[in-house]
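> After the sequence you'll find the predicted model.
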Amino acid sequence: MKLSKLLELCDKESAGYNKLVKVSNNRLRKGNIQEVRNAYDARFNEILGTVTDEYLPTIAKPIPYSKNKTKVNKLLRKLFKETNPENKEHTKTIHTYEEWHKFITASNKEDVVDHRVTYLERFFDKYRDPFIKNVYATDLGYGSRNIISALQSITELYTAPKRIRNNEDTETMNFKGYDDYYSSKQQVHTSWRCDFVIATRILEKVLAKFNLRLLPEFKEIAELAIIFENGISAFSIGKENINVLTAPELVFAPQADRSQNDLHSTTEAAYKSKDTGDLYFLRGVAVPYKYWKMAVDRKLTFEEWIKIKNIEVRRVIIDEAGADCFAKHPNAEISEKTLHGNTLITIRNAIPASDDPGRRDRQTDIKIINYKDPSTNRVYNSFVPVRLDDEFNPTNDPQARELTDPDEAMAWKFGKTKTEYYGELVAEA
């Protein structure tokens, strides 16, 4: 973000304001000012990323509405008053819904729908427009991401139950669903339609690290985030009514490249709501509770695993359960232990062709390397390929060379040849 833009957002009485003025003035060249400016800018981007990553779970798994209902309702009534100046009765009852279809039915009534244009004009004029006049999503970037895309990667998870209903095994969940489940509606405010509110809240937290405060008008925008931080995922305001929808609880984990997030938890349901009940996910894949429990407790058996028809469910289940579950298979062929303490376990025809459509008429073997970690002295099991590719045949080609050497399997885990891996270990010793 251009530091000069911050000057329009910050209170001049802030303790860090004078330093901001200095580093944001690109015409200054005296002394080491350029070095100071670069350091300030780098630290700002670093803190922006850290604060964003720390803050988003408060939106995904907010404090229950019931715990801070008074604080949230005060803000909602404030919005009602500001967007309904003609209505002198500003102590309206707030209608609370725990299910999407009941909330959206209330929000689709004439009271709300006919008022939406006037409401949005007044709401945006007071809260959104001052923000976007000074800050854009691209201004709030850190690394390859920005605040808005990071927020979207969380709010997209709200619609996961709808995607499961359409794409996954029916045994995964009982959610009947609605075609418009958490769809964007003009008359409904959600955290993703109020992304400028969340962005201002995060910016407020970042600025505090530099002894800077937002100007009152921007602080007022940031305070609206209290609604979403305290258990409300959507609200609508009409001429006579205020409707709120209590938020699902989401537990997520970033993907390896951190560009997106997956619903994921090994300790509890990753998606909880009145609509869906408890839904269990591993790395973004919905998993029936029975298999989720077996995986996280490391009690999955080969016999149970092979019954799973969905290939993606099968993949994440064994990724979580680990190779230990298969190491004691009754048909396992166990090699001699090498001088390095490695053993190779082979399960022939482990996966019949009929159980894996992707492999057509081929039965599939499984190989596991059993080894001791010298740093912890603990024994581990890890999957390795059945065959190793060479210049003529790829790994999945039945003509490729079968992996039979436990030490070569161990070296493969680290992307090295046997000579490279064990040569390095000797050199280190």
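Yep, that arrived.
> Would you mind measuring from the residue nearest to the spatial centre of the chain to residue 248?
Ranked by distance to the mean C-alpha position of the chain (C-alpha atoms, centre = their mean), the top residue is residue 261 at 2.9 Å. With the distance defined as C-beta to C-beta, to the nearest Å, residue 261 ends up 14 Å from residue 248. Just so you know, the C-beta spots here come from the backbone N, C-alpha and C atoms, and that holds for glycine as well.
> repeat for residue 117
The value you get for residue 117 to residue 248, if C-beta to C-beta is used, is 29 Å.
> can you list the weak-confidence ranges in the stretch 251-400 of the chain?
Judged against pLDDT under 70, the low-scoring parts of the stretch 251-400 of the chain cover residues 352-363, 390-399.
> what about the helices in it?
Taking DSSP state H, counting those that start in this stretch to define them, one finds helices in the stretch 251-400 of the chain at 289-296, 302-307, 311-321, 324-327.
> Residue 117 and residue 248: which is more packed in?
Taking other C-beta atoms under 10 Å, residue 117 and residue 248 do not tie; residue 248 has more neighbours (24 against 11).
> Please name the nearest non-neighbouring residue to the more buried one.
Distance criterion C-beta to C-beta, 6 or more residues apart in numbering; nearest residue to residue 248, sequence neighbours excluded, is residue 273 at 3.7 Å.
> Also residue 46?
Counting by C-beta to C-beta, 6+ apart, residue 142 is the residue found nearest to residue 46 once chain neighbours are left out, at 7.3 Å.
> and if you look at residue 404?
Per C-beta to C-beta, 6+ apart, closest to residue 404 is residue 344, 6.9 Å.
> That neighbour: what's it in contact with?
Shown in contact with residue 344 (C-beta atoms under 8 Å, 6 or more residues apart in numbering): 334, 335, 367, 368, 369, 370, 384, 403, 404, 405, 406, 409.
> Now render the residues you listed as JSON lines, adding distance to residue 304 and neighbour count.
Shown next, in JSON lines, are those (distance: C-beta to C-beta, whole Å; neighbours: other C-beta atoms under 10 Å):
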{"residue": "334", "distance to residue 304": "22", "neighbour count": "13"}
{"residue": "335", "distance to residue 304": "26", "neighbour count": "17"}
{"residue": "367", "distance to residue 304": "20", "neighbour count": "24"}
{"residue": "368", "distance to residue 304": "17", "neighbour count": "25"}
{"residue": "369", "distance to residue 304": "23", "neighbour count": "25"}
{"residue": "370", "distance to residue 304": "22", "neighbour count": "22"}
{"residue": "384", "distance to residue 304": "23", "neighbour count": "20"}
{"residue": "403", "distance to residue 304": "26", "neighbour count": "19"}
{"residue": "404", "distance to residue 304": "29", "neighbour count": "12"}
{"residue": "405", "distance to residue 304": "31", "neighbour count": "16"}
{"residue": "406", "distance to residue 304": "27", "neighbour count": "25"}
{"residue": "409", "distance to residue 304": "26", "neighbour count": "27"}
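> still on that earlier bit, can you tell me who the residue nearest to residue 46 pairs with across the strands?
residue 145 (DSSP bridges).
> correct me, but it touches residue 49?
Yes - the pair residue 142 and residue 49 passes the contact test of C-beta atoms under 8 Å, sitting 3.7 Å apart.
> domain parsing for this protein?
3-260, 325-428 (automatic domain parsing).
> deepest of these, which one?
domain 3-260 (a mean of 17; mean count of other C-beta atoms under 10 Å).
> want to try CSV for the domains of the chain, with distance to residue 278 as columns?
What follows is those, written out as CSV (distance: least, C-beta to C-beta, whole Å):
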stretch, distance to residue 278
domain 3-260, 9
domain 325-428, 24
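> of those domains, which approaches residue 303 most closely?
Among those, the nearest to residue 303 by C-beta to C-beta is domain 325-428 (9.3 Å).
> next one: that closest one to chain centre, how far?
33 Å (C-alpha atoms, centre = their mean, to the nearest Å).
> on that earlier part again, same list (the helices of the stretch 251-400 of the chain) but as TSV, adding distance to residue 219.
Converted to TSV, the helices of the stretch 251-400 of the chain look like this (distance: least, C-beta to C-beta, whole Å):
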stretch	distance to residue 219
helix 289-296	43
helix 302-307	54
helix 311-321	43
helix 324-327	53
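> Out of those, flag the one nearest residue 131.
Counting by C-beta to C-beta, and looking across all of these, nearest comes helix 311-321 at 39.4 Å.
> now the angle from the closest one to helix 289-296?
Inter-element angle recorded for helix 311-321 and helix 289-296: 30 degrees (by axes from the mean of the first three to the mean of the last three C-alpha atoms, to 10 degrees).
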